[in-house]
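# Sharing a sequence plus its predicted fold:
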Amino acid sequence: MLADLADRYDLGLVSNNYDSVVRFVVEHHGLDAFDLVRGRAPGVRGFYRRKPDPQALLKSSETDTSPTDRSQYG
C-alpha cells in the first residue's frame, strides 16, 4: 500500500519520538517509501519537544508544495 501511494505522492513520516529511533525503525523495516523522515532532536532540547508540541509537524510542512496539495494524518 505504501509503495502504491509513493508512486503517486511524496510521503513523509513525522514522529515525536527521537529522530534516531524513527530512522532506525524506517530502515529496519525497509520503509523506503518515505521522502521525508523526521523525529525530535536528542537530549534536553528534544525532551521538551514531546507531545503535544507541534514543532515536528510545523517543520514538516515547510515544503515546496501548496497547503492545498498536502494532507496530514495522525
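Structure received. Computed from a predicted model, the values in this text were never measured in an experiment.
# Quote the end-to-end distance of stretch 36-48.
Its first and final residues considered, stretch 36-48 spans 22 Å by C-alpha to C-alpha, to the nearest Å.
# Give me the neighbour count for residue 14.
For residue 14, the neighbour count with other C-beta atoms under 10 Å is 21. The way it works is simple: take the backbone N, C-alpha and C, and place the C-beta from them, glycine included.
# On the strand side of things, show who it bridges to.
Each beta-bridge partner of residue 14 is listed here, defined by DSSP bridges: residue 38.
# give the contact list for it.
For residue 14, the contacting residues are 36, 38, 39, 56, 57, 60, 72, by C-beta atoms under 8 Å, 6 or more residues apart in numbering.
# Where helices are concerned, which of these count?
Restricting those to those inside helices, with DSSP state H as the criterion, leaves 56, 57, 60.
# how about the strands in the chain?
Assignment of strands within the chain using DSSP state E yields the ranges 12-18, 36-40.
# Can you check which of these gets nearest to residue 26?
Each of the strands of the chain was checked against residue 26 via C-beta to C-beta, and the shortest separation belongs to strand 36-40, namely 5.4 Å.
# any idea which of the contacts of residue 14 is least confident?
Of all those, residue 72 carries the smallest pLDDT score, 65.
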